[in-house]
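Chemist: No sequence on hand, only this structure:
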């Protein structure tokens with residue numbers, strides 16, 4: 001087996017940097033030499049998933065070896081790894097919803113008897129036992145063994161692997177929520193609640209899509225400064241005691257002629273703010289819950305008055321083979337601010353420091369380089 005230095009969540013809130021063994025690729029698998037892996041709160045959360053797991057679900061690298069049935073990739077190809085792997089045959093994939101594949105999604109409950117996909121365990125071993133890979137990828141490792149369908153080939157020879165790595169979750173989620181899910185109209189007004197990594201990508205996407213007014217809201221002045229650099233036209237420093245951001249909602253309406261915004265995006269991951277975007281939009285406006293809140297919350301139904309739309313897209317409705325090349329083109333053109341998003345790069349051995357910086361809000365985005 002190939003030995004690969006990896007970050008391994010031990011299932012009890014901690015992690016270790018140790019070697020895992022990787023088998024030769026099966027027919028439909030590819031061995032990828034990782035070049036960079038993005039970090040987000042989900043990676044930190046994986047420390048407490050109650051089981052050992054090879055960490056990391058964002059990344060980019062170079063193909064090292066391919067299985068016998070792999071036809072679209074070859075050794076030396078540059079690739080971005082994608083955690084929402086479509087099968088292209090189930091009901092949802094046929095409907096165009098590749099991000100919620102009934103066969104392969106690691107997060108979507110199966111329909112019609114299907115169960116979410118899981119990485120085959122026999123291909124990755126730690127201490128002599130099989131171990132799962134986070135979101136079927138495990139990008140915080142020198143090498144990753146994944147399905148061919150989890151990879152998107154990138155043609156650019158001068159690829160910045162750090163920039164490419166962050167596309168595969170946070171950037172796609174932010175951009176796709178604006179362009180694919182909300183289908184934002186040019187000239188519209190927008191409120192973005194929360195200016196962390198995903199929020200900054202939402203702001204950048206709103207600018208690319210032609211929004212005329214982009215109001216950024218956060219409790220952190222540093223994050224608001226970053227929001228302005230990513231395209232925000234107006235800034236609101238929220239108070240921690242503003243329950244449900246009701247005072248912010250009043251301010252937003254005052255700024256927009258008393259009507260409210262055309263679109264509002266919630267990017268805070270704070271369950272208590274799950275309904276907040278509804279208070280920011282005009283009648284018949286669109287509220288988007290971007291951060292993936294998965295808890296029970298109470299919503300005042302009067303916030304829906306009148307004709308407001310509330311959507312909760314997963315992963316920006318990603319179609320990896322279509323969207324990733326599009327994002328790379330926008331990056332090469334200078335519109336998608338990926339380099340500006342990366343605050344700091346770390347070695348794998350500096351992962352503890354990277355998590356500390358993440359939790360303290362020091363980084364827009366941290367990246368581990370190999």
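Modeler: Thanks, I have the structure now. None of the values given here were measured: they were computed from a predicted structure.
Chemist: who's in contact with residue 369?
Modeler: 35, 36, 161, 162, 345, 346, 347 (C-beta atoms under 8 Å, 6 or more residues apart in numbering). For every residue, glycine as well, the C-beta is placed using N, CA and C.
Chemist: So which bits of stretch 126-142 are buried?
Modeler: Residues of stretch 126-142 classed as buried by neighbour count (16 or more other C-beta atoms under 10 Å): 126, 131-142.
Chemist: when you check the residues you listed against the strands, which ones overlap?
Modeler: Mapping the buried residues of stretch 126-142 onto strands (DSSP state E) picks out 126, 132, 133.
Chemist: any idea how far the closest residue to the first one other than its chain neighbours is from residue 43?
Modeler: It refers to residue 126. For residue 126, ignoring the flanking residues on the chain, the nearest one in space by C-beta to C-beta, 6 or more residues apart in numbering is residue 20 at 4.7 Å. Using C-beta to C-beta, to the nearest Å, residue 20 is found at 17 Å from residue 43.
Chemist: Any stretches of the stretch 101-250 of the chain with poor pLDDT?
Modeler: Within the stretch 101-250 of the chain, the stretches with pLDDT under 70 are 109-122.
Chemist: Please, where are all the strands along it?
Modeler: Along the stretch 101-250 of the chain, counting by DSSP state E, counting those that start in this stretch, strands occupy 124-126, 129-130, 132-133, 143-147, 151-154, 189-193, 213-218, 234-237.
Chemist: Out of those, indicate the one that is most buried.
Modeler: Greatest average neighbour count among the strands of the stretch 101-250 of the chain goes to strand 189-193 (a mean of 31), per mean count of other C-beta atoms under 10 Å.
Chemist: Partner strands of the biggest strand by length in the chain, with direction?
Modeler: Using DSSP E to define each element, the chain has its longest strand at strand 29-39. Strand 29-39 pairs in its sheet with strand 59-66 (antiparallel), strand 143-147 (antiparallel), strand 366-369 (antiparallel), by DSSP bridges.
Chemist: Of the ones you listed, which is nearest residue 79?
Modeler: strand 59-66 (6.1 Å; C-beta to C-beta).
Chemist: quick check: mean pLDDT across that closest one?
Modeler: What strand 59-66 shows for mean pLDDT is 97.
Chemist: which residues are contacting that strand?
Modeler: 24-25, 29-38, 73-81, 137, 139, 143-144, 148, 151, 154, 159, 161-162, 164-165, 167-168, 370.
Chemist: Now the buried members of those residues.
Modeler: Listed as buried from the contacts of strand 59-66 are 25, 29-38, 73, 77-81, 137, 139, 143-144, 148, 151, 154, 159, 161-162, 164-165, 167-168, 370; burial here means 16+ other C-beta under 10 Å.
Chemist: List the strands paired with the strand or helix carrying residue 80, with their directions.
Modeler: Under the criterion of DSSP states H and E, residue 80 resides in strand 78-81. Strand pairing for strand 78-81, using DSSP bridges, gives strand 59-66 (antiparallel), strand 151-154 (antiparallel).
Chemist: Quick one: closest of those to residue 322.
Modeler: strand 151-154 (9.5 Å).
Chemist: which residues sit against stretch 236-247?
Modeler: In contact with stretch 236-247 (C-beta under 8 Å, 6+ apart) are residues 193, 215-219, 221, 224, 248, 251-252, 272-273, 275-276, 279-280.
Chemist: Buried only: go through those for me.
Modeler: Buried members of the contacts of stretch 236-247, counted by 16+ other C-beta under 10 Å: 193, 215-219, 224, 248, 251-252, 273, 275-276, 279-280.
Chemist: Show me which pair in the residues you listed is furthest apart.
Modeler: Spanning the widest gap among these are 224 and 275, at 22.5 Å by C-beta to C-beta.
Chemist: can you list the residues that contact stretch 200-213?
Modeler: Here stretch 200-213 makes contact (C-beta under 8 Å, 6+ apart) with 170-171, 173-175, 177-179, 184-190, 192, 195, 214, 216, 226-227, 230-234, 256, 261, 263, 265, 267, 290, 330, 335-337, 341, 364.
Chemist: let's see 6 Å
Modeler: Here stretch 200-213 makes contact (C-beta atoms under 6 Å, 6 or more residues apart in numbering) with 171, 174-175, 178-179, 184, 186-190, 192, 214, 227, 230-233, 265, 267, 335, 337, 364.
Chemist: Please apply the same query to stretch 149-165.
Modeler: By C-beta under 6 Å, 6+ apart, stretch 149-165 touches 30, 35-38, 58-60, 77-82, 85, 320-321, 324, 328, 338-339, 342, 367.
Chemist: and what of stretch 320-329?
Modeler: 80, 82, 152, 154, 167, 336.
Chemist: Can you give me the domain assignment for this structure?
Modeler: Using automatic domain parsing, the domain parsing of the chain gives 2-169+317-369, 183-312.
Chemist: Quick one: end-to-end length of the longest one, please.
Modeler: So that's domain 2-169+317-369. 20 Å (C-alpha to C-alpha, to the nearest Å).
Chemist: Equivalent analysis for the last one, please.
Modeler: Between the opening and closing residues of domain 183-312 we find a distance of 13 Å, counting by C-alpha to C-alpha.
Chemist: gap between it and the chain center?
Modeler: Centroid separation for domain 183-312 versus its chain: 18 Å, with C-alpha atoms, centre = their mean, to the nearest Å.
Chemist: try the longest one
Modeler: Using C-alpha atoms, centre = their mean, the mean C-alpha position of domain 2-169+317-369 is found 11 Å from that of the whole chain.
Chemist: what's the spacing between residue 159 and residue 325?
Modeler: Distance from residue 159 to residue 325, by C-beta to C-beta: 12 Å.
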